[in-house]
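Structure, please.
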Amino acid sequence: MKIVIVGGVAGGASAAARLRRLMEDAEIILFEQGPYISYANCGLPYYIGGEIRDKSALTLQTPESFSTRFRVDVRVNHRVTAIDRSGKTVRVQPAGGAAFSEPYDKLILSPGASPLIPDAPGLDSKRVFTLRTIPDTFQIHEFIRSSGATSALIAGGGYIGVEMAENLMRAGLTVTLAQRSDHLIPSLDPDMAADLHNYLREKGVRLLLNSPLHGVEDQGDHLTVHLKTGDVDADLMLLSVGVTPDSELAKDAGLSLGVRGTIAVNEHMQTSDPDLYAVGDAVEVRDRVTGAPAFIPLAGPANKQGRIAADHIAGRPSAYGGSQGSAILRAFDMTVATTGLNEKKALAAGLDFAWVHTFSASHAGYYPGACNMSVKILFEKLTGRLLGAQIVGFEGVDKRCDVLAVAIRAGMTVHDLTELELCYAPPFSSAKDPVNMAGFVAENVLTGAVKVAHWRQLPAILEGEGNLLLDVRTEGEVKKGRIEGSLSIPLDSLRDRLDELPRDKTVYVHCHSGLRSYLACRILSQNGFDCYNLSGGWRLYASMEQNNRFNEKENCLGVPYAR
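Numbers count the residues shown, from 1 in each chain. Coordinates of the predicted model:
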């Protein structure tokens, strides 16, 4: 059998290696339009920031090493321009050579995705860059070195945009990060993004939200970037506003397309032509949580899809079960991780869901060095099925989000989270792990042990004549900050001061993180009061308020982030 693969990197290279392991006698040809077949594209920002210093560390396999180990005919700088499905050939254009046709028995497409270029003037300037490939990385690195650039503007606050904000600052530049929407990292909800915003400002990133790009003017020695919120001068600009699937080759061949122009495939990664497969960032996948078609371009799924396509060609019954968008990033010392659905996606899917916030220590509080992490989980109201999770913190975020990602894939409920037996020793966790704690809080909501409200409801709560806002923090905490109009009764005094609370009003209770206010709600509800626990506590409220203040002022630098 002769298998031709179009495109390397994650999907194509994985497919080629798996095919050779399964089919020693197959003829395998891999065409890659660029000079590299397998490289660490997720590591590219860290070369620019200087943490990765060796260029060769970015290259996972060279054409020579890949050919030697797997006996794959690797041809870099060869662009496939057309597919003749009836003749079962591809048209190939080598760099600097004559075009030719190559026959195939099976064809795997792994074209990837390209940076999305907004419809705005001036983006053809040599000071405007995108970051997707190794040559992009070297070009940015060399421009900074040779031009003496001292400032950068990043348009787009997704994963690459935030990672590049850190790494450009590590390279010695001042950084402005402009995001068209009201928060960074689209997979986060705004309440969870507030911590990230405040922390980036503390680190010196100038953050401009609700600031879509209108255009760029090249002034010769710098750029003037026109944003909705005003003009910003910078020595260079990085476009990081998303990616679009490279599906033109498939479209021209008459293959069926899916959402957002992706290549439609079945669970075996077959396209509408059973002899053609497609994998990686260009394909449509099934959302693991909702079952709906989706575009989720991530390296992990691309590797798995390449393996599955190879398995199916080799006669193995492998199938791809869908993507849930598990992702993580580091922003200086902060970690942000998400998996599954956020509120926006859950609403779009028409799900009846609820959510809770917790604020848990990374390990036992009595053991030195514990850092709290903010955890948000979404779950179905009827079944308790876990739908999504978002975690922002400093230590231990990755392993908690990984546990929750597995729980989502397994179809677990929040009740299951309470029963998970996770590794515990004081340096690593607590007897009640943050994952368990999130399950406990959600289970209390589902079983009616407590009713929850959220801070976005605060204006309506304060305006309602039948409501009372109760603060059960200590007097010392209240002196550092309180909400005007709230009544302060410390938790430990609550039982003795119940007569100070009007029984004809709904009581909304908060503490610092939500634990003491839950205890207060249990006391109140068993004494005949109608009460709600404000999820996330004062800490979440203060974080959102600090973020909102700076957004309104369009300020560039924040105050120290409250961990």
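
drop to CA atoms for contacts and neighbour counts, all remaining ones
OK.

Need the phi and psi values for Tyr532.
phi -130, psi 140 (degrees, to the nearest 10).

Contacts only, for it.
Tyr532 sits next to Val450, Lys451, Val452, Ala453, Thr506, Val507, Tyr508, Val509, Cys521 when contact means C-alpha atoms under 8 Å, 6 or more residues apart in numbering.

Please identify which two of those residues are farthest apart in space.
The span of those, defined through C-alpha to C-alpha, is set by Val450 and Thr506 at 13.3 Å.

helix or strand for Leu168, which one?
In this assignment (DSSP states H and E), Leu168 forms part of helix 159-170.

Now tell me what touches that helix from outside.
By C-alpha under 8 Å, 6+ apart, helix 159-170 touches 45-46, 48-50, 152, 154-155, 174-177, 185, 205, 240, 329-332.

by how many degrees do the helix or strand immediately after that helix in the chain and helix 159-170 diverge?
Using DSSP H and E, the helix or strand that follows helix 159-170 in sequence is strand 174-178. Put simply, strand 174-178 runs at 160 degrees to helix 159-170, going by axes from the mean of the first three to the mean of the last three C-alpha atoms, to 10 degrees.

about what we covered before: any of the contacts of helix 159-170 buried? List them.
Among the contacts of helix 159-170, those classed as buried by 16 or more other C-alpha atoms under 10 Å are 45-46, 48-49, 152, 154-155, 174-177, 185, 205, 240, 329, 331-332.

Narrow those to those in strands?
Mapping those onto strands (DSSP state E) picks out Ala152, Ile154, Ala155, Thr174, Val175, Thr176, Leu177, Leu329, Ala331.

Kindly present these as JSON lines, with separate columns for pLDDT and distance to Ala264.
Listed next are those as JSON lines, based on pLDDT from 0 to 100; distance: C-alpha to C-alpha, whole Å:
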{"residue": "Ala152", "pLDDT": "97", "distance to Ala264": "38"}
{"residue": "Ile154", "pLDDT": "97", "distance to Ala264": "32"}
{"residue": "Ala155", "pLDDT": "97", "distance to Ala264": "30"}
{"residue": "Thr174", "pLDDT": "96", "distance to Ala264": "42"}
{"residue": "Val175", "pLDDT": "97", "distance to Ala264": "39"}
{"residue": "Thr176", "pLDDT": "96", "distance to Ala264": "38"}
{"residue": "Leu177", "pLDDT": "97", "distance to Ala264": "34"}
{"residue": "Leu329", "pLDDT": "96", "distance to Ala264": "29"}
{"residue": "Ala331", "pLDDT": "96", "distance to Ala264": "34"}
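
would you list these in TSV and tack on distance to Glu248?
Output for these, formatted as TSV (distance: C-alpha to C-alpha, whole Å):
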residue	distance to Glu248
Ala152	33
Ile154	28
Ala155	26
Thr174	38
Val175	35
Thr176	34
Leu177	31
Leu329	31
Ala331	35
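
Which of those residues sits closest to Gly306?
Proximity of those to Gly306 (C-alpha to C-alpha) peaks at Leu329, which lies at 24.0 Å.

I figured that closest one was touching Ile391, is that so?
No: using C-alpha atoms under 8 Å, Leu329 is not in contact with Ile391, being 10.9 Å away.

any idea which element Phe440 lies in?
Per DSSP H and E: helix 434-447 holds Phe440.

packing partners for the following helix or strand past that helix?
Elements were assigned by DSSP H and E; along the chain past helix 434-447, the next helix or strand is strand 452-453. Judged by 3 or more C-alpha pairs under 8 Å, 6 or more residues apart in numbering; DSSP states H and E, strand 452-453 is in contact with strand 531-534.

Can you list the strands that the strand it packs on pairs with?
When pairing is defined by DSSP bridges, strand 531-534 lines up against strand 452-453 (parallel), strand 506-510 (parallel).

Next, format those as TSV and append mean pLDDT and mean neighbour count.
Shown next, in TSV, are the strands paired with strand 531-534 (pLDDT from 0 to 100; neighbours: other C-alpha atoms under 10 Å):
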stretch	mean pLDDT	mean neighbour count
strand 452-453	96	21
strand 506-510	97	26
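
now for these, which one comes closest to Ile461?
Per C-alpha to C-alpha, nearest to Ile461 of the strands paired with strand 531-534: strand 506-510, 7.9 Å.

end-to-end on stretch 255-274?
10 Å (C-alpha to C-alpha, to the nearest Å).

which element follows the helix or strand harbouring Ala82 toward the C-terminus?
Using DSSP H and E, Ala82 maps to strand 78-84. Next helix or strand after strand 78-84 toward the C-terminus (DSSP H and E): strand 89-94.

for that next one, which positions count as buried?
Thr89, Val90, Val92, Gln93, Pro94.

Domain-wise, how is the protein divided?
2-114+244-313, 128-241, 333-447, 452-535 (automatic domain parsing).

mind giving me TSV with the ones you listed and columns for distance to Gly322?
Formatted as TSV, the domains of the chain follow (distance: least, C-alpha to C-alpha, whole Å):
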stretch	distance to Gly322
domain 2-114+244-313	5
domain 128-241	17
domain 333-447	9
domain 452-535	32
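
For Asn551, which of the ones you listed is the nearest?
Short answer: domain 128-241, nearest of the domains of the chain by C-alpha to C-alpha, at 6.9 Å.

ok, Gly536 touching Phe359?
Yes: with contact defined as C-alpha under 8 Å, Gly536 reaches Phe359; the gap is 7.1 Å.

before we move on, back to that, overlap of the contact sets of Leu329 and Ile391?
Taking C-alpha under 8 Å, 6+ apart as the contact rule, Leu329 and Ile391 both touch Val336, Ala337.

Report the central residue of this structure.
Ala327 (4.6 Å; C-alpha atoms, centre = their mean).

ok, that one to Glu32 distance?
Using C-alpha to C-alpha, we find Ala327 at a distance of 27 Å from Glu32.

Same question for Met237.
For Met237, the distance to Glu32 - C-alpha to C-alpha - is 28 Å.

and what of Ser146?
In terms of C-alpha to C-alpha, Ser146 sits 30 Å off from Glu32.

Which stretches in the stretch 101-250 of the chain count as helices?
Remark: helices assigned in the stretch 101-250 of the chain by DSSP state H, counting those that start in this stretch are 134-147, 159-170, 190-202, 248-252.

same question, the stretch 301-450 of the chain
With helices called from DSSP H, counting those that start in this stretch, the stretch 301-450 of the chain shows them at 343-348, 397-409, 414-419, 434-447.
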